[in-house]
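Participant: build me a model:
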Amino acid sequence: MAESIIDRPNMRPTVDNSSNTPPVRISAVNVQLTNVSPTRKSLAVTLDPSEVDAEHQAVVGEIAKLARIPGFRPGKAPTAMVAKRFSKEIVEEFKQKVVAKAYRSALEQEKLDVLNVVNVDEGKIEAGAPANVTITLDIRPDFQLPDYANMPTEIAPTDPADAEIDNVIQGLRSERADFKPADRPAQKGDYVKLAYEGKVDGQPITELAPDKQLYGKVPQTWEEVEGANEGVIPGLGKQLAGLKAGDKRDVTITFPAEFPAVPALAGKTATYSVEVQEIRERVLPELNEEFFKSQQVDNLEALRTQVRNNLKLQKEYQNRSAQRRQVTERLAMLVDFPVPDSLVEAETQSVLRNFIEENMRRGVPAEQFEKDKKELFESARKAAHNRVKLQLVLAKIAEQEKIEVTNDDINNFLYREAMRSGQKPDKLAKNLAGDRERLRSVQQSIIFDKAVDFLVSKASVTVVQPKA
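Facilitator: The predicted structure is shown next:
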């Protein structure tokens, strides 16, 4: 912002007692700086009437050149007539120019590295009178970078074990499994068709949570016996083994202390009357030509090779993510400095917004956020403070290492965004070019990512065997 509006240096008061030296111009702009905090400054700028009048005349002259008034050619109408007819436009533009003049003059004198303009109090601005403008700014904090080369990182081995490969192949078979009726008690991995009705202390859950009938009474549903992924009722699948079609049983379910899906059930113990209607067993496909063809391989050896390569890529990605986390956490520990409040406040709102949107997609009711708003805000502000601090450090590292955003970086971003959103890259590029704030945000994000990648490339690496 500073570079775009500063157009000439401020003239400071000068005293010279030499009779041979011509008189110098005394500045018509006075700037007083007040330190509100280590990162917040208040600039009280006073422009004398001559500076104010110069800006007013400039505005009137610019509008007079463009004004179209009947009976006069463009630019030829009397100035007084232009000033009267376009008085509203002149006043607004005049005030903006005076404030911009005050801002330019203050930054030229104080040489501040501005991150954010927090507030502008323009006071009373009118021709023929001095103007007093107070500008509150947050500036970039001054700090020394720590030694960020050879930061220690730990990664896991990337070669998959045979057991891992076997588990993946078993999972592939499970995805293509058939489920056939079984005339026997339910076993782990079976699917059970059942009906249930729940009560808490004798009160039907349908009354306790009338808008969540799925948790109260269901005439028919399927539940996996002791499955890795639980169904709607937490722990229900773990109590179905040994039951067969036609069996009825009361099972006890204790809901977690934090249960945002249905806050009315959080921490409560419910009794569910369950009736089993059908048992189906999982029948895995054979490892034959048909199965191999479905996986786009010719035989078991080729399938194992494919799975091994995919697992290795996953492990390498996980290691890279772990290294990025480790270097950023260590970097944040190595340096401390005051963080500008305005950046933290903006980031706090972003953190809160993302958190609420994510949890609303998971079914958390709005009243739960209102109940926990104090804790949510404190948690979001802490996370925001850490993010802003890290971003400032990464920005300084990027500047020192001359890390820049290239056209390829922007094109890669547009390609990924197009894949994610389903929009055409050309349309995204046009929208981005027309939104300066969005473009700046994207460029900053790219810089931060490249700076972290740089830190990882310079880090020391230790391979650690995972705990059994």
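Participant: when you work out contacts or count neighbours from here on, use the C-alpha atoms and nothing else.
Facilitator: Noted.
Participant: can you list the domain ranges for the protein.
Facilitator: Domains of the chain are assigned by automatic domain parsing as 2-17+24-139, 178-283, 297-463.
Participant: in the host helix or strand of Q314, what's buried?
Facilitator: Element membership for Q314 (DSSP states H and E) is helix 300-334. Neighbour counts over helix 300-334 (16 or more other C-alpha atoms under 10 Å) mark 303-304, 306-309, 311-312, 315-316, 319, 323-324, 326-328, 331-332 as buried.
Participant: counting neighbours, what do you get for G171?
Facilitator: Burial of G171 is recorded as 13 neighbouring residues (other C-alpha atoms under 10 Å).
Participant: look up how far A302 lies from it.
Facilitator: Distance of G171 to A302, computed by C-alpha to C-alpha, to the nearest Å: 17 Å.
Participant: repeat for Q203
Facilitator: 58 Å.
Participant: cool, I90 as well?
Facilitator: For I90, the distance to A302 - C-alpha to C-alpha - is 77 Å.
Participant: same question for N319.
Facilitator: With C-alpha to C-alpha as the criterion, N319 and A302 are 26 Å apart.
Participant: what's the answer for S457, then?
Facilitator: Noted for S457: a distance of 34 Å to A302, by C-alpha to C-alpha.
Participant: over to V452?
Facilitator: 37 Å.
Participant: same question, K396
Facilitator: From K396 to A302 the distance is 49 Å (C-alpha to C-alpha).
Participant: okay, now the unreliable bits of the chain?
Facilitator: The model of the chain has pLDDT under 70 over residues 1-27, 75-76, 468.
Participant: what comes up buried for the longest strand that the chain contains?
Facilitator: The longest strand of the chain (DSSP state E) is strand 269-283. For strand 269-283, the neighbour count (16+ other C-alpha under 10 Å) marks 270-282 as buried.
Participant: is E223 bridged to anything, and to what?
Facilitator: V192 (DSSP bridges).
Participant: how close does it get to R280?
Facilitator: With C-alpha to C-alpha as the criterion, E223 and R280 are 10 Å apart.
Participant: just K424 next, same as before
Facilitator: 46 Å.
Participant: repeat for I410
Facilitator: Using C-alpha to C-alpha, I410 is found at 52 Å from R280.
Participant: what strand or helix carries V52?
Facilitator: Element membership for V52 (DSSP H and E) is helix 49-66.
Participant: next one: the helix or strand following that helix to chain centre, how far?
Facilitator: As assigned by DSSP H and E, the chain's next helix or strand after helix 49-66 is helix 79-85. Relative to its chain's centre, helix 79-85 lies at 50 Å (C-alpha atoms, centre = their mean, to the nearest Å).
Participant: which residues are contacting helix 79-85?
Facilitator: If you take C-alpha atoms under 8 Å, 6 or more residues apart in numbering as the criterion, helix 79-85 is touched by 60-61, 63-64, 67, 90.
Participant: from those residues, pick the one nearest V251.
Facilitator: I90 (78.1 Å; C-alpha to C-alpha).
Participant: is that closest one within a helix or a strand, and which one?
Facilitator: I90 belongs to helix 87-110, assigned by DSSP H and E.
Participant: again with L455
Facilitator: Following DSSP H and E, one finds L455 within helix 436-458.
Participant: what comes up buried for that helix?
Facilitator: For helix 436-458, by 16+ other C-alpha under 10 Å, it's 439, 442-444, 446-448, 450-456.
Participant: please name every helix or strand in contact with the helix holding Q314.
Facilitator: strand 152-155, helix 162-175, helix 373-400, helix 436-458 (3 or more C-alpha pairs under 8 Å, 6 or more residues apart in numbering; DSSP states H and E).
Participant: closest to G242 out of the ones you listed?
Facilitator: Per C-alpha to C-alpha, nearest to G242 of the helices and strands packed on helix 300-334: helix 162-175, 21.8 Å.
Participant: between that closest one and strand 269-283, how many degrees?
Facilitator: Here helix 162-175 points in a direction 90 degrees away from that of strand 269-283 (axes from the mean of the first three to the mean of the last three C-alpha atoms, to 10 degrees).
Participant: check which helices and strands the helix or strand just after helix 162-175 is in contact with.
Facilitator: Going down the chain from helix 162-175, the next helix or strand is strand 178-181, by DSSP H and E. With contacts taken as 3+ C-alpha pairs under 8 Å, 6+ apart, strand 178-181 sits against strand 269-283.
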